[in-house]
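Trainee: Sharing a model prediction with you, sequence too.
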Amino acid sequence: MCNSSYSDYELVQQFESGNHQAIEELIARHKKRIFTYIMLMVKNEQLAEDIFQDTFIKVILSLKEGRYSDKGKFVSWVARIAHNLIIDHFRKEKNLQTVSNDQSEYDLFNSAKLCDQNIEDTMVNDQIVRDIRRMIDELPEDQREVVLLRHYAGMSFKEIADQTNVSINTALGRMRYALINLRKIMAENQINLTLA
């Protein structure tokens with residue numbers, strides 16, 4: 001029977017009953033969203049892959065031990081595990097007094113609309129991408145997190161609220177303040193985010 005027609009919760013139940021194909025379907029179903037979230041937070045592809053693998057190892061172990069209880073919220077639960085592993089990574093890095101190396105340039109703003117550009121358009125677009133990434137990095141952590149989860153990980157405000165343990169109104173408020181702050185940063189730095 002095709003696993004793709006089952007809900008996340010039904011696949012979790014099947015995996016807990018011994019169907020190992022069910023976890024493969026869950027990973028395939030949510031890989032892009034979870035990996036994108038991790039990549040946005042750590043900005044290093046190799047590190048993101050390692051954390052992604054660690055996330056699903058932890059998911060599998062937790063399921064085998066019967067520690068999954070968020071019925072109907074599987075992807076939020078997985079994202080929370082990934083988030084905790086990211087925090088653990090940065091804590092270890094801070095304790096070792098090392099600096100994160102942003103070697104890989106991951107184009108978060110890849111779009112079909114930008115295909116077949118000439119070199120000048122490509123250079124302008126690359127500058128826009130760098131400007132947006134710098135502006136997002138200047139936001140307070142709670143606002144930056146909401147922007148990344150909403151616009152790059154594709155989460156709803158309800159999922160964001162669940163993952164960050166705040167109310168939906170708080171998540172919406174953080175997004176509102178993030179947009180206000182981004183506009184302020186643009187004005188202060190005279191940043192133009194349009195292709196000429």
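Mentor: Thanks, I have the structure now.
Trainee: In contact with the residue nearest the centre of the chain, which residues are there?
Mentor: Among the residues of the chain, the one closest to the centroid is Tyr37, at 1.3 Å (Cα atoms, centre = their mean). Applying Cβ atoms under 8 Å, 6 or more residues apart in numbering, we find Tyr37 in contact with Ala79, Ala82, His83, Leu148, Leu149, Tyr152, Ala153. In short, each C-beta sits where N, CA and C put it, glycine included.
Trainee: same thing but at 10 Å, please
Mentor: Tyr37 makes contact with 48, 51-52, 55, 78-79, 82-83, 86, 145, 148-149, 152-155, 163, according to Cβ atoms under 10 Å, 6 or more residues apart in numbering.
Trainee: do the same with Glu65
Mentor: No contacts exist for Glu65 under Cβ under 10 Å, 6+ apart.
Trainee: now the helices: where do they sit in this protein?
Mentor: Assigned by DSSP state H, the chain shows helices spanning 8-16, 20-42, 45-64, 74-95, 119-138, 141-147, 157-164, 168-189.
Trainee: by contact count, what packs against the fifth one?
Mentor: Counting by 3 or more Cβ pairs under 10 Å, 6 or more residues apart in numbering; DSSP states H and E, the packing neighbours recorded for helix 119-138 are helix 141-147, helix 168-189.
Trainee: related to what we said a few turns ago, Serialize the helices of the chain to TSV and add fields for mean pLDDT.
Mentor: Output for these, formatted as TSV (pLDDT from 0 to 100):
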stretch	mean pLDDT
helix 8-16	88
helix 20-42	89
helix 45-64	91
helix 74-95	82
helix 119-138	74
helix 141-147	88
helix 157-164	85
helix 168-189	89
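Trainee: Using TSV, please lay out the helices and strands packed on helix 119-138 together with distance to Gln21 and mean neighbour count.
Mentor: Shown next, in TSV, are the helices and strands packed on helix 119-138 (distance: least, Cβ to Cβ, whole Å; neighbours: other Cβ atoms under 10 Å):
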stretch	distance to Gln21	mean neighbour count
helix 141-147	34	19
helix 168-189	35	15
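Trainee: Between those, which one is closest to Tyr9.
Mentor: Tyr9 sits nearest to helix 168-189 of all the helices and strands packed on helix 119-138, at 21.8 Å, using Cβ to Cβ.
Trainee: hmm, who's touching that closest one?
Mentor: By Cβ under 10 Å, 6+ apart, helix 168-189 touches 131-132, 134-136, 138-140, 142-151, 155-164, 166-167, 191-193.
Trainee: mind checking how far the residue nearest to the centre of the chain is from Gln190?
Mentor: 32 Å (Cβ to Cβ, to the nearest Å).
Trainee: one step back: can you redo the helices and strands packed on helix 119-138 as CSV, where the extra columns are distance to Ser17?
Mentor: As requested, the helices and strands packed on helix 119-138 are arranged in CSV below (distance: least, Cβ to Cβ, whole Å):
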stretch, distance to Ser17
helix 141-147, 36
helix 168-189, 34
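Trainee: what's the neighbour count on Ser62?
Mentor: 15 (other Cβ atoms under 10 Å).
Trainee: my guess is it meets Arg80, correct?
Mentor: No - Ser62 is not in contact with Arg80 according to Cβ atoms under 10 Å; the separation is 11.1 Å.
Trainee: I appreciate the help and will end here.
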